[in-house]
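J.: Sequence below, structure please.
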Amino acid sequence: MAIRLTPDAATHVQRMLEQRAHGLGLRVGTKASGCTGFAYVVDYADTITPDDCVFESHGVRLIVNRQHLAQLDGTEIDFVSNNISNSGFEFRNPNIRDMCGCGESFNVG
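T.: Take a look at the predicted model:
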């Protein structure tokens, strides 16, 4: 099982952690949401628990609770910036079987 960042995403996360002046890495998970089932949850991690798996990608730690691994295994996270008001993480998840029309939620059939 693995989750990874692209170089652009790793650079963005490193920069944000430096600005924050603390944090262990990026916490990635899912939550029940939307019309098709799940939405991604991303936050900075200040702790690591025994239930967490830690992956390293381009020098950045990705922290994922074990209960989310089946939905996220193999996911690549990119950081895309189209302009000042439209930038963010983009998930390339091979487990997705269905996505809602607005692109906010997904299902892992």
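
J.: Phe38 contacts Lys31, correct?
T.: Yes: judged on C-beta atoms under 8 Å, Phe38 makes contact with Lys31 at a distance of 6.8 Å. Where you see a C-beta, it was placed from the backbone N, CA and C, and this is true even at glycine.

J.: more neighbours, these two?
T.: Phe38 (20 against 12; other C-beta atoms under 10 Å).

J.: partners of the more buried one in the sheet?
T.: Beta-bridge partners for Phe38, by DSSP bridges, are Ala32, Phe106.

J.: For Tyr40, which three-state class applies?
T.: Assigned by DSSP: H, G, I helix; E, B strand; the rest coil, the conformation of Tyr40 is strand.

J.: Show me where this structure has its strands.
T.: 4-5, 25-33, 37-45, 52-57, 60-65, 76-83, 86-92, 98-99, 106-107 (DSSP state E).

J.: Check what contacts the first one and list those residues.
T.: Yep, that's strand 4-5 we're talking about. Val13, Leu26, Phe55, Ser57, His58, Val60, Leu62, Thr75, Glu76, Ile77, Asp78 (C-beta atoms under 8 Å, 6 or more residues apart in numbering).
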